[in-house]
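In: The sequence and its predicted three-dimensional model are supplied below.
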Amino acid sequence: MDDAALRTTFLVARAAESRGCLEPGDWPAVAVSLLLEGNEDPEIAELAGLSRRASGWDTDPLVAAVCARHEISVPGKEEAVDFIARLLADDLRARPSAVTAPMIRLLARLAPPDFESELASRCFTAEEYLDCGCVDDDSGLEAELQSMPTLGLPGPVVQALARPLRSTLPTVQPPHGHHDH
């Protein structure tokens, strides 16, 4: 894995972390995927050895050391949502979802409470009508989202980064009909 791919992985991970989509206990799986791709950073090896129950006390210094060495900062909110959207698009291209409009469902969760990302806010507005059956969604938003440019990361890294957010998707198609939010 080259330096650019490592930087992208950490930018996406920090973006997901900043939006509440990556917990300290998710870092070991991301680190293992990086080791399997040939990364040899000592902090990444140490992250990979942590348990799923790791806390920020365990992960933060290691992540900070890698970010400092590779000059990686936490992306702003709009850029963070864009990174997460591209990650999810890559993941869904490799592993399609059982529900309609998975990108809209996932990105809608990133809008509250600040609604500072235009993309997440568009998804938040569209999500309300996904399962009601009263509106034909011809906006093409889902197609636009799923065709976002790839991050170019290896499959196992994409899967490790996407797993925490992907796990919140329904496993079966929700029924049509109005529901209260």
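Out: All right, it came through fine. Numbering: from 1, shown residues only.
In: Ala45: which element?
Out: helix 42-48 (DSSP states H and E).
In: Output that helix as CSV - backbone C-alpha positions only.
Out: In CSV, the C-alpha atoms belonging to helix 42-48 read as follows (Å, rounded to 0.1, in the frame of the first residue of the first chain):
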residue,chain,number,x,y,z
PRO,A,42,4.4,0.5,14.1
GLU,A,43,1.4,2.5,15.3
ILE,A,44,-0.9,0.7,12.9
ALA,A,45,0.5,-2.7,14.0
GLU,A,46,-0.2,-1.6,17.6
LEU,A,47,-3.8,-0.5,16.7
ALA,A,48,-4.3,-3.8,15.0
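In: Output the contacting helices and strands for it.
Out: Using 3 or more Cβ pairs under 8 Å, 6 or more residues apart in numbering; DSSP states H and E as the contact criterion, the secondary-structure elements in contact with helix 42-48 are helix 27-36, helix 56-69. For the C-beta atoms, the positions are set from N, CA and C on the backbone; glycine is no exception.
In: any idea which of those is most buried?
Out: helix 27-36 (a mean of 22; mean count of other Cβ atoms under 10 Å).
In: the inter-axis angle of that helix versus helix 56-69?
Out: Angular relation of helix 27-36 and helix 56-69 on a 0 to 180 degree scale: 40 degrees, by axes from the mean of the first three to the mean of the last three Cα atoms, to 10 degrees.
In: contact partners of helix 27-36?
Out: Residues outside helix 27-36 that contact it (Cβ atoms under 8 Å, 6 or more residues apart in numbering): 1, 6, 9, 13, 22, 41, 44-45, 47-52, 54, 59, 62-63, 154, 156-157, 159-161, 163.
In: Val157 and Arg166: what is the separation?
Out: Using Cβ to Cβ, to the nearest Å, one obtains 14 Å as the distance from Val157 to Arg166.
In: Looking at these two now, which is surrounded by more residues?
Out: Between Val157 and Arg166, Val157 has the larger neighbour count (other Cβ atoms under 10 Å), namely 27 against 18.
In: Below-threshold pLDDT in the chain: ranges please.
Out: Using pLDDT under 70 as the threshold, the predicted model of the chain has low-confidence ranges 133-139, 176-181.
In: Please name every helix or strand in contact with the longest helix belonging to the chain.
Out: The residue-count maximum for a helix in the chain (DSSP state H) belongs to helix 77-94. With contacts taken as 3+ Cβ pairs under 8 Å, 6+ apart, helix 77-94 sits against helix 3-18, helix 102-108, helix 118-127, helix 141-146, helix 155-166.
In: possible to save those as a markdown table with distance to Val74?
Out: Rendered in a markdown table, the data for the helices and strands packed on helix 77-94 read as follows (distance: least, Cβ to Cβ, whole Å):
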| stretch | distance to Val74 |
| --- | --- |
| helix 3-18 | 5 |
| helix 102-108 | 19 |
| helix 118-127 | 17 |
| helix 141-146 | 23 |
| helix 155-166 | 15 |
